[in-house]
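Trainee: fold the following for me, if possible:
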Amino acid sequence: MHVSARFGVVFFTICGYGGHVQALEREIESQPDVWRKAAEVAPRVAEALPPAGARLAIVGCGTSLFVAQAIAGLREAAGGGETAALAASEARLDGRYDVVIAVSRSGETTEVARAVEGVADGTETIAILGDAESTVAALADRVIALEFADEESIVQTRFATAVLALFRALLGADVAALAAAAERSLGAPLPIDPAAFARFVFLGTGWTVGVANEAALKLREAAGAWTESYPVMEYRHGPISASGSKTAVWALGELDPSVLTSSREAGATVVETGQDPMVDLVLIHRSAVRLAKAHGLDPEQPAHLSRAVVLQ
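Mentor: You can find the predicted model right below:
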């Protein structure tokens, strides 16, 4: 890790990885090593992150917002203090928070840059990025650049899970064990053939609601699939009515079994792997690629998307 100061901004930069062949699949397969690197980095960046008790807002867009939701759930459950996950375009950062963390792989997303610019004076800003030379990096007080996790692909996989692995390591999770489990899941058969289904529902609770949202986004982006995500108990409040034999319901973590029973009774296929939800996300990444190819789509070129949303 390279640490340097420039114009009053502290940079934490960790380098790695390259290559150009089948970028998305290569990046999916690299996740166990990326998680290990994130865990190694965690003690060295801990002082740059807010202490327990600080009122924290985490802002992002798309995948970064869903990672923020997962981190917020984990931090609050661990007693770390009030943590809000906010869409960058909707965030009110008028001084109610002690620290604002902006998450952005590219560091060029317009809404994230505007959110950081709009943070009230006296509130510290920290950016977690894949690029230390980006627009958001220049705006933040501190930058944690996980350059080893940056990606070529439009569809995010390893950068998102690296950020999550970083925070889980800081909160005491055994990331080495998670990485080993993810490694095994890369070589294991998928729990379902995604091409056999027309609708995918991802259910979570607590921090895994963010993981469920991200899982649904991956199949939507890469394969144009009909996907939904809910806090588990909300699924029975209307959405279950659309379930049928072509519906796959994927449980992320330990969920209320009655909801899963109701899903089966509605004709859906329920996926319960018993694995950590972050490990399940690797299986879901693989499923997204498999489904895209089954539909004759190129997961490297998702429709109407670019690597970063830059507004005029």
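Trainee: pretty sure W250 is in a strand, no?
Mentor: Yes - using DSSP: H, G, I helix; E, B strand; the rest coil, the secondary structure at W250 is a strand.
Trainee: report the beta-bridge partners for it.
Mentor: F202, V271 (DSSP bridges).
Trainee: where do the strands of the stretch 201-312 of the chain begin and end?
Mentor: According to DSSP state E, counting those that start in this stretch, the stretch 201-312 of the chain carries its strands in the segments 226-231, 247-251, 269-271.
Trainee: redo those strands as JSON lines? Include mean pLDDT and mean neighbour count.
Mentor: Heads up, the C-betas are built off the backbone N, CA and C, glycines and all. Listed next are these as JSON lines, based on pLDDT from 0 to 100; neighbours: other CB atoms under 10 Å:
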{"stretch": "strand 226-231", "mean pLDDT": "97", "mean neighbour count": "20"}
{"stretch": "strand 247-251", "mean pLDDT": "98", "mean neighbour count": "25"}
{"stretch": "strand 269-271", "mean pLDDT": "98", "mean neighbour count": "20"}
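Trainee: can I see the domain layout of the protein?
Mentor: Domain assignment for the chain by automatic domain parsing gives 2-177, 188-294.
Trainee: returning to what we had before: mind checking which of the strands of the stretch 201-312 of the chain is nearest E133?
Mentor: Nearest to E133 among the strands of the stretch 201-312 of the chain is strand 226-231; the distance by CB to CB comes to 33.7 Å.
Trainee: so what touches the closest one?
Mentor: 198-205, 209, 212-213, 215-217, 219-220, 239 (CB atoms under 8 Å, 6 or more residues apart in numbering).
Trainee: any of these buried? List them.
Mentor: Neighbour-count burial (16 or more other CB atoms under 10 Å) is assigned, among the contacts of strand 226-231, to 199-205, 209, 212-213, 215-217, 219-220.
Trainee: now do A268 against A85, distance only.
Mentor: Remark: distance between A268 and A85 (CB to CB, to the nearest Å) = 28 Å.
Trainee: for these two, indicate the residue with more neighbours.
Mentor: A85 (25 against 22; other CB atoms under 10 Å).
Trainee: and the next helix or strand past the helix or strand where that one lies?
Mentor: Per DSSP states H and E: A85 is located in strand 83-87. With elements assigned by DSSP H and E, the helix or strand that comes after strand 83-87 is strand 99-104.
Trainee: which element follows that next one toward the C-terminus?
Mentor: helix 110-117.
Trainee: partner strands of the helix or strand just after that following helix and their direction?
Mentor: Going down the chain from helix 110-117, the next helix or strand is strand 124-129, by DSSP H and E. Its sheet considered, strand 124-129 pairs with strand 99-104 (parallel), strand 142-146 (parallel) by DSSP bridges.
Trainee: looking at those strands, which is nearest to E152?
Mentor: strand 142-146 (15.0 Å).
Trainee: the helix or strand just after the closest one vs strand 99-104, what angle?
Mentor: Using DSSP H and E, the helix or strand that follows strand 142-146 towards the C-terminus is helix 158-170. Put simply, helix 158-170 runs at 150 degrees to strand 99-104, going by axes from the mean of the first three to the mean of the last three CA atoms, to 10 degrees.
Trainee: who does helix 158-170 touch, helix- and strand-wise?
Mentor: Contacts defined by 3 or more CB pairs under 8 Å, 6 or more residues apart in numbering; DSSP states H and E place helix 158-170 against helix 31-45, helix 63-77, strand 142-146, helix 175-187, helix 277-294.
Trainee: out of the ones you listed, the one nearest L166 is which?
Mentor: helix 31-45 (4.4 Å).
Trainee: so what touches the next helix or strand after the closest one?
Mentor: Next along the chain after helix 31-45, taking DSSP H and E as the criterion, comes strand 56-60. By CB under 8 Å, 6+ apart, the residues outside strand 56-60 that reach it are 50, 65-68, 71-72, 75, 80-88, 91, 93, 97-104, 112, 115-116.
Trainee: much appreciated, bye for now.
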